[in-house]
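S.K.: Okay, predicted coordinates and the sequence, questions at the end:
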Protein chains: 2
Amino acid sequence: MKLYDGGKVPNARRVRMYLAEKGITVDTVPVDVGAKEHLSQAFLKKNPAGRVPVLELDDGTIITESVAICRYFEALHPTPALFGTTPLEQAMVVMWLRKAEFEFYLPVAYAFRHLHPAMADFEEQVSEWGEANRPRALAGMATLNARLSHVPYLAGDHFSIADIIAFITVDFLKPAKLAVPDAMTYLKDWYARVAARPSAGA
Amino acid sequence: MKLYDGGKVPNARRVRMYLAEKGITVDTVPVDVGAKEHLSQAFLKKNPAGRVPVLELDDGTIITESVAICRYFEALHPTPALFGTTPLEQAMVVMWLRKAEFEFYLPVAYAFRHLHPAMADFEEQVSEWGEANRPRALAGMATLNARLSHVPYLAGDHFSIADIIAFITVDFLKPAKLAVPDAMTYLKDWYARVAARPSAGA
């Protein structure tokens, strides 16, 4: 199989960090998003949506969507579990994965895409929508901070894919011209702990 | 356990349709979203995000997020599988669940929330964003229509949670003042087949 990777694109980094946590090595093909290689004819044949990452299996089957690619590897290599083990843990991982995506990642991504000058080339920018998402991103961080005041990781006792998504979103705050407020000490402590994991550099 | 249900809200209907497909019965507490019961003090104690549905376990544990609630029941009752069986099927379900949500449900929801007069009371409306999402909703439908030209269900051979999410989004087109174009015959045929399932009335 081959992983078409997208460098610093958050969704591409999710898969790399997940694979590093699992100790899985996959042949990787770099896709230069800055040079719009993800919008080339050759790449659009792999993924008509023009998005990275893409996993191509040996029979040519294409899996897109970062979390779907991780779920595929999770089914093949169940341990260490990054999608939970018991029914309740599995539900908590999906619940916090979704809250991290819908309440934190999406507002940050919208603020970046609709306000950053460099994105004008990729997106029909609606600046009013970008601005509306700045307070939403802060509200999302407040939700994560409150959760992390009484559990070590978003889904509870164990590190999971939900932490990977939220952690990479924190690193995405800077290009979106946002930051974790100093008062959110639980979120800051959790970030430092996750940043210390070897997978954080993947 | 108790399911706090939200009537015609799409995310509440997802869980009801899922449970009907699985043949699972759960004690249900109605939440009147029209009367803003989901924003009441009592409900915000269950889910500070003020959203339905919510599953409360007997020990008081709260699970929110429609797909997380379904995932909990899937782990408890694996058959009939609505999240796939083999690793590839599981990945395809998550891939198409996400494409149905991000490329179809979200654009439809944004068009509804940011353009419909009845939503002005619930949302700071950005009409330019609502309008920008009308063509995105159509593009999402085109993606589903193309997929359904060669497989019977979104994830492949088997009906799954991805079909539930897309089906309920089609029913959400009307309040968003959108419709499936007549030319999208594969999507229309699939809709008719899913609508004929007893769970569609749940």
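M.R.: Structure's in. What do you need?

S.K.: For the rest of this, base every contact and every neighbour count on C-alpha atoms.
M.R.: Noted.

S.K.: what residues does chain A put near chain B?
M.R.: Contact residues (C-alpha under 8 Å from any C-alpha of the partner chain) of chain A with chain B: A:63-65, A:67-69, A:71-73, A:75-76, A:86-88, A:90-95, A:98, A:126, A:128-129.

S.K.: among these, which ones are buried?
M.R.: A:63-65, A:67-69, A:71-73, A:75, A:88, A:90-95, A:98, A:126, A:128-129 (16 or more other C-alpha atoms under 10 Å in any protein chain shown).

S.K.: Contacts for the helix ranked longest in chain A, please.
M.R.: If you go by DSSP state H, chain A has its longest helix at helix A:127-147. Residues from elsewhere that reach helix A:127-147, judged by C-alpha atoms under 8 Å, 6 or more residues apart in numbering or on different chains: A:99-100, A:103-105, A:107-108, A:110-115, A:154, A:178, A:180, A:184-187, B:126, B:129.

S.K.: again, only using 7 Å
M.R.: With C-alpha atoms under 7 Å, 6 or more residues apart in numbering or on different chains as the test, helix A:127-147 has contacts from A:103-104, A:107-108, A:110-111, A:114-115, A:154, A:184, A:186-187, B:126, B:129.

S.K.: any idea how far the residue located most distally from the centre of chain A is from chain B?
M.R.: For chain A, the residue at maximal distance from the C-alpha centroid (C-alpha atoms, centre = their mean) is residue A:59, at 27.0 Å. Plainly put, residue A:59 is 12 Å away from chain B if you go by C-alpha to the nearest C-alpha, to the nearest Å.

S.K.: ok but that residue is inside a helix, no?
M.R.: No: read with DSSP: H, G, I helix; E, B strand; the rest coil, residue A:59 is coil and lies in no helix.

S.K.: Which pLDDT value goes with it?
M.R.: Per-residue confidence (pLDDT) for residue A:59: 97.

S.K.: Spatially, what comes nearest to residue A:94 if we skip its sequence neighbours?
M.R.: residue B:68 (5.1 Å; C-alpha to C-alpha, 6 or more residues apart in numbering or on different chains).

S.K.: I'd guessed that neighbour sits against residue A:98; true?
M.R.: No: assessed by C-alpha atoms under 7 Å, residue B:68 is found out of contact with residue A:98, at 8.3 Å.

S.K.: continuing past the helix or strand of chain A with the lowest mean pLDDT, what's the next helix or strand?
M.R.: Lowest on mean pLDDT, DSSP states H and E among the helices and strands of chain A sits helix A:41-46, with a mean of 94. Of the helices and strands lying after helix A:41-46 in sequence (DSSP states H and E), the nearest is strand A:54-56.

S.K.: Tell me the strands beside the next helix or strand after that following strand, with direction?
M.R.: With elements assigned by DSSP H and E, the helix or strand that comes after strand A:54-56 is strand A:62-64. Next to strand A:62-64 in the sheet, as set by DSSP bridges, lie strand A:54-56 (antiparallel).

S.K.: Contacts for the partner strand, please.
M.R.: So strand A:54-56 is contacted by A:1-4, A:62-64, A:69 (C-alpha under 7 Å, 6+ apart).

S.K.: cutoff 10 Å now
M.R.: A:1-6, A:12, A:15, A:26-29, A:31, A:43, A:46-47, A:61-66, A:68-70, A:72 (C-alpha atoms under 10 Å, 6 or more residues apart in numbering or on different chains).

S.K.: so how far is it from its chain's centroid?
M.R.: Offset of strand A:54-56 from its chain centre (C-alpha atoms, centre = their mean, to the nearest Å): 16 Å.

S.K.: Quick check: mean pLDDT of that strand?
M.R.: In the prediction, strand A:54-56 has an average pLDDT of 98.

S.K.: in it, what's buried?
M.R.: A:54-56.

S.K.: got it, and stretch A:185-197?
M.R.: For stretch A:185-197, by 16+ other C-alpha under 10 Å, it's A:186-188, A:190-191, A:194.

S.K.: So which of these is the closest to residue A:163?
M.R.: residue A:194 (8.0 Å; C-alpha to C-alpha).

S.K.: Go ahead and confirm the closest one touches residue A:159.
M.R.: Yes: contact status for residue A:194 versus residue A:159: in contact at 8.8 Å, counting by C-alpha atoms under 10 Å.

S.K.: Quickly note the distance from residue A:196 to residue B:188.
M.R.: As judged by C-alpha to C-alpha, to the nearest Å, residue A:196 and residue B:188 stand 50 Å apart.
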